[in-house]
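Asks: Predicted coordinates and the sequence they were generated for:
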Amino acid sequence: MEIRPEFLGLVLACALVTAIPRVLPLVALSRLELPAWLLDWLRYVPLAVLSALLAIELLSAGRAGLPAIAFAFAVAAMTRSLFGTTVAGVAAFWALS
Amino acid sequence: MLGYLGIGFAAGVVERAAGMSYAEILLLSMVLYAGSAQFVLTSMLTLGTPAPAIVLTVFFLNLRHLLLSAALAPALRAVPAWKNALLGLQLTDETFVVASSRGQLSAAWMAGLNLAAWSTWAVANVAGAALSGYAGDTRALAFALPGMFAGLLMLQFLSHRVRFIALTVIALSAGCGVAIHQVFPGPWAVVGAALLGASAGLALQRWRSARNS
């Protein structure tokens, strides 16, 4: 039940570099009127980030990854439940590998 | 908030399996509080990666919050800057998806969402750690992360009215992400591919409305 000093330092450093991109735009951009094209562009950002992250994750997941994600997509479309989708993805991956 | 349980639970299992104490897992989940970064930090620690390289990777990995934070900014324009700073500290992919589906946001509503997600995340991490010994196959549990991404992606996709633009953004971002990752492995692949994909989506939308008008 103890915290190694070097672990504490690592977590604090990681938290600091994470806080900057989390906080900065909210504080700076809230004061400004954003142009319409930027708002439209930002609507596509989560779609793009998630697609890239997921595709790169799948590269290292092995052969069971792709069919398991296809199954997870189907469950997500039918149930719209994040928890159900996560469980379905893990179960499919476990069953296939 | 249920999506958090699955991922947080899996994170706790993996973190415990990597030799972290309960106190360290609680610290990590409450102070860093970032799902993908926690998985990456854990796997890099077990590989013996030096700390500066881990911090740099986490920085690039979490740079995407710039885009999420900027996207939420208009909805929180009425909130004072110091409150926005506190709200921004707890910004995650999941709370962003929930928050960005409503119009103007109040600071109290956002703080409630943040606190619910934060506490759920910490409890799930510790619960996963407690059950780590029983969970045999941690590789399958680590798949909770892509599984959750798949769910978030589908929810985002269904919220877009013009399906062919959304599909183009998905295909382009995924394809570019993989291509960039093969040439320059590292977190830049996600940032680069996302910038490209989102810009293509905007261009397509502009082209479509110009043609229809």
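Replies: Good, I have the coordinates. Residues are numbered from 1 along each chain as shown, chains lettered A, B, ... in the order given.
Asks: Residue A:13 contacts residue B:51, correct?
Replies: Yes. Contact criterion Cβ atoms under 8 Å: residue A:13 and residue B:51 qualify, at 7.2 Å. Just so you know, the C-beta spots here come from the backbone N, C-alpha and C atoms, and that holds for glycine as well.
Asks: average model confidence for the helix or strand harbouring residue B:126?
Replies: Element membership of residue B:126 [criterion: DSSP states H and E] is helix B:107-130. When pLDDT is averaged along helix B:107-130, the result is 94.
Asks: and it, how far from the chain's centre?
Replies: 14 Å (Cα atoms, centre = their mean, to the nearest Å).
Asks: can you check stretch A:15-22 too?
Replies: With Cα atoms, centre = their mean, you get 16 Å for stretch A:15-22.
Asks: Do it and chain B come into contact?
Replies: Yes. Remark: stretch A:15-22 sits within contact range of chain B at A:15, A:17-19, A:21-22, by Cβ under 8 Å from any Cβ of the partner chain.
Asks: Keep only those of these that are in helices.
Replies: For these, the ones inside helices are A:15, A:17-19, A:21-22, with DSSP state H as the criterion.
Asks: can I get the residues you listed in a markdown table with neighbour count?
Replies: Listed next are those as a markdown table, based on neighbours: other Cβ atoms under 10 Å in any protein chain shown:
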| residue | neighbour count |
| --- | --- |
| A:15 | 22 |
| A:17 | 19 |
| A:18 | 24 |
| A:19 | 19 |
| A:21 | 21 |
| A:22 | 23 |
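Asks: right, and the pair among these with maximum separation?
Replies: Using Cβ to Cβ, the two most remote members of these are A:15 and A:21, lying 12.1 Å apart.
Asks: Centre-most residue in chain B?
Replies: residue B:93 (3.7 Å; Cα atoms, centre = their mean).
Asks: What distance do you get for that one to residue B:45?
Replies: Going from residue B:93 to residue B:45 by Cβ to Cβ, to the nearest Å gives 22 Å.
Asks: Walk me through the domains of chain B.
Replies: B:2-140, B:160-213 (automatic domain parsing).
Asks: Can you tell me which of the ones you listed is most buried?
Replies: Most buried of the domains of chain B by mean neighbour count (mean count of other Cβ atoms under 10 Å in any protein chain shown) is domain B:2-140; its value is a mean of 19.
Asks: where are the low-confidence patches of chain A?
Replies: Scanning chain A for pLDDT under 70 picks out the ranges A:1, A:30-34.
Asks: how does it divide up, domain by domain?
Replies: A:1-32, A:34-97.
Asks: Give me whichever of the ones you listed is most buried.
Replies: By mean count of other Cβ under 10 Å, these have domain A:34-97 as the most buried, with a mean of 20.
Asks: Report all helices and strands that the one helix or strand in chain B whose mean pLDDT sits lowest contacts.
Replies: In chain B, no helix or strand scores lower on mean pLDDT, DSSP states H and E than helix B:138-142, which sits at a mean of 75. Contact here means 3 or more Cβ pairs under 8 Å, 6 or more residues apart in numbering or on different chains; DSSP states H and E; on that basis helix B:138-142 packs against helix A:82-96, helix B:2-17.
Asks: Let me see the residues that make contact with it.
Replies: Where contact means Cβ atoms under 8 Å, 6 or more residues apart in numbering or on different chains, the residues beyond helix B:138-142 that reach it are A:90, A:93-94, A:97, B:9-10, B:13-14, B:17, B:39, B:132, B:135.
Asks: need those in CSV with distance to residue B:107, can you?
Replies: Shown next, in CSV, are the contacts of helix B:138-142 (distance: Cβ to Cβ, whole Å):
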residue, distance to residue B:107
A:90, 36
A:93, 39
A:94, 42
A:97, 45
B:9, 30
B:10, 31
B:13, 35
B:14, 34
B:17, 39
B:39, 30
B:132, 37
B:135, 39
